[in-house]
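**Student:** below are the sequence and a predicted model for it; my questions follow.
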Amino acid sequence: MSFLRTILLVLRKDLVVELRSGEILYTTAFFAVSCVLVFAFGFVREGRDLQDVAPGILWIAIAFSGTLALGRTFERERQSETLRALIVAPVDRPALYLAKLIGVTTLMAAVELLIVPLAALLFDAPLFRHALMTAALLAAGTVGFSAVGTLFAAMLVRARSRDVLLPILLYPLTVPVIIAGVRGTAALLQQPEPDLAIARMWLSLMVSFDVVFITLALWTFEPLMTD
Amino acid sequence: MVPGRSRWRAVLLWILLAAGPAAHVSLSAQEQPPKRPAQDEFVPLSELPPQEQLPAAPLLIAAYSVAWIVVAGYLFSIWRRMGRVEQELAEVSRRLQQRRS
Amino acid sequence: MAMPRWFAPLTVVVAAMFAYAPISIANAPIESTMLLVQKIFYFHVPSWFVMFSGAFLCAGASVRYLTKGSREADHYAITGAELAVVFGLIGLITGPLWGRKAWGVWWQWDVKLTLALVVWLSFVAYLLLRRFGGPGSEKLAAAVGIFGAVNIPFVYYSVNWWRTIHPKTSVVPTLGPGMRGTFWFCTLAFMLLMVLIAAMRVRLERHRALVNDLYLELED
C-alpha cells in the first residue's frame, strides 16, 4: 500500500471516529478555555499591561491542551487495541506516524481557532492585525509540539505512569517551540509598531525545529515500534 | 468501625475547624516583606549596600561541600546497588546450579 | 566480571588529584572583582563539562542502541544520563551559590544557565522514564536521550535571541595566567573521575542484565 494512501486511510479513520463522538475535541477545547481563564485570573490586574501576558497565556494553554489531546488520542487507540493492529498491518510505519501527527495537529488547530479569538478578546490583544503571520507562528509551533508529542505518546501507550510521563518528557524538549511562539507572538503585539522582522526570525527557528524533529521522529519511529 | 480510625477522623475534623480562624488571624497579621530590587546586571562589590555584601567564605564552603557530598553520595549509591546485585547474582547462580545438578 | 586493568591505578591518580586540588585552588590568584567566591568556578565549570559529556555519551549510546540493538550501548546510555544528572545537579547548586555573591541574584535567565537547566531536565526525564516507565522503556528513553541532545542547539539559539533582545549583562571572568593551570587541573580531575564512575556504573548495569538473564533462564 502506498505511503500516501496509508496516511489518508488512517487519517480518515481517526476523523470519522472523532466526528462521531467529538469527545476529544470538545473536552480539549473546553480545557483550553479553562486554562486561559485560570491564567487570566493569575495574571490580570489593574494597571498592568495586559498585552504582555497574552502570548504567554496563549501558548501555555496550547501546550497544556496539546498534551491532553495527545494522551487522549493514544489512550483511545490503546483501549480499542487498534494500535497493535496498525503496527502489524503491512504498511510503512513512518506513514502511521505522519497520519497521527496530522490528526493531532488538526485537532489542535480546531482548538486554537477557539482560544486565539478568546485571548484576543479577554486581553485586548490585536492578534489579528497580522493574521497570516500569527497563523504561521501558531501552525509552526503546533506542528513542532505535536511532532515530538506524537512520537512520545505513541511510545508511552505501553508504559506505566504514561499520563504523567508524557508532560515530563515533552516540556523540556519543546522549550524552543514555546519560547519562539511566545516571543514571536509578542513581537506581533508590540506597541506602537509590531516587529515583523523579529516575528519572522522566530518563525524560521520554529520551522527548522519542525523539520529536524519530524525527520528525527520518522527515523526513530521504526526501531522504536519494533519489539 | 475501628475505634482508632474514628478517633483520627475526629482529630482531622477539629484541625479543619481550627484552620479557618487560624488562617484568618495569621493572614491579617502578615506584614509586607521588605522589597528588594531585583538585580539583573553585574554590580561591583563595592557599590552594593553593606547588608548585601555577603561574606564569601560560607558560600564557597557550601559550594565545595555540595560538590563533595553529591559525588560521595553517588559513589555510595553505586556501591550499594552493586552489593545488592552481586547478592542477587550469587543467589540466582546458586539456584541454577541446584537445578542443573 | 572484574574491573578493567586500568581501574585501580586510575583510582589512585584521581584520588591524588582531588587531594591536591584544594591546595591548587587555594594557591590560585584571587580574582579582582569577585574575590574569594570566584573559586567556586574551579569545581563549577568542570561539573558542567562532565554533564555535557554525559549527555553526549547518552545520546551517542542511544543512537547505537536504536540502530544496532546493542545492550551494551544501553548500559552506556543510562550511565551517561546518570552522570549528566548528578554532575548537572552539582553545577546547578554551585552556580547560584556563586551567582548570589557575584551578581546579587540567585538566578539569571541567561543563555548558559537556561540551556544547562533545560538539558538537565531532559535527562532527569530520561531517568524517570527508565525508572517508572515499566518494561520496554529503554527504547523510548533512547529516543529521549537523542532528542535531548539534538535539542541543545535549538534551546541555545532560542534562549540567546530571547535574552539578547532584552540584554542583560553577565560577567564570567577571563582566566588570568595563574588560574589557568588550576582550572585545567580541576577539569582533568573531573573528567578522569567521570571515566572511573562510568566504568563502575556500566559494570553495575552489566551485572543487572546478567541477573535478569539468569532469572529468565531459571523460569524456563
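**Tutor:** Great, that's in hand. Keep in mind that this is a model prediction, so the values were computed, not measured.
**Student:** which SSE is C:Pro135 in?
**Tutor:** If you go by DSSP states H and E, C:Pro135 is not part of any helix or strand.
**Student:** number of nearby residues for it?
**Tutor:** 8 (other Cβ atoms under 10 Å in any protein chain shown). Heads up, the C-betas are built off the backbone N, CA and C, glycines and all.
**Student:** phi first, then psi, for it.
**Tutor:** Dihedral angles of C:Pro135 (phi, psi; degrees, to the nearest 10) stand at phi -60, psi 150.
**Student:** pLDDT score for residue 13?
**Tutor:** As the question left the chain open, I've gone with chain A. With respect to pLDDT, A:Lys13 scores 89.
**Student:** wrong one, chain B
**Tutor:** 73.
**Student:** please report the distance of it from B:Arg7.
**Tutor:** Here B:Leu13 is placed at a distance of 11 Å from B:Arg7 (Cβ to Cβ, to the nearest Å).
**Student:** what's the answer for C:Leu214, then?
**Tutor:** For C:Leu214 relative to B:Arg7 (Cβ to Cβ), the value is 50 Å.
**Student:** which one's more surrounded, those two?
**Tutor:** Neighbours were counted for C:Leu214 and for B:Arg7 using other Cβ under 10 Å; C:Leu214 has more, 17 against 10.
**Student:** confirm that C:Val105 sits in a strand.
**Tutor:** No. Counting by DSSP: H, G, I helix; E, B strand; the rest coil, C:Val105 is not found in a strand; it is coil.
**Student:** what residue lies at the spatial centre of chain A?
**Tutor:** Nearest residue to the geometric centre of chain A (Cα atoms, centre = their mean): A:Thr142, 3.8 Å.
**Student:** how is that one assigned, secondary-structure-wise?
**Tutor:** helix.
**Student:** please state the offset of whichever helix in chain C runs longest from the chain centre?
**Tutor:** Counting residues, the longest helix found in chain C (DSSP state H) is helix C:177-219. Relative to its parent chain, helix C:177-219 has a centroid offset of 12 Å by Cα atoms, centre = their mean, to the nearest Å.
**Student:** is chain A contacted by that helix?
**Tutor:** No. Using Cβ under 8 Å from any Cβ of the partner chain, helix C:177-219 never reaches chain A; the gap is at least 15.9 Å.
**Student:** and C:Lys139, how many neighbours?
**Tutor:** For C:Lys139, using other Cβ under 10 Å, the count is 21.
**Student:** in what helix or strand does the spatially closest residue to it that is not a sequence neighbour lie?
**Tutor:** Using Cβ to Cβ, 6 or more residues apart in numbering or on different chains and skipping residues adjacent in sequence, the residue nearest C:Lys139 is A:Leu224, 5.2 Å away. Here A:Leu224, judged by DSSP H and E, is contained in helix A:196-225.
**Student:** summarise which helices and strands that helix is packed against.
**Tutor:** Counting contacts by 3 or more Cβ pairs under 8 Å, 6 or more residues apart in numbering or on different chains; DSSP states H and E, helix A:196-225 packs against helix A:93-122, helix A:131-156, helix A:175-189, helix C:41-68, helix C:137-165.
**Student:** now with 10 Å?
**Tutor:** helix A:82-88, helix A:93-122, helix A:131-156, helix A:175-189, helix C:41-68, helix C:137-165 (3 or more Cβ pairs under 10 Å, 6 or more residues apart in numbering or on different chains; DSSP states H and E).
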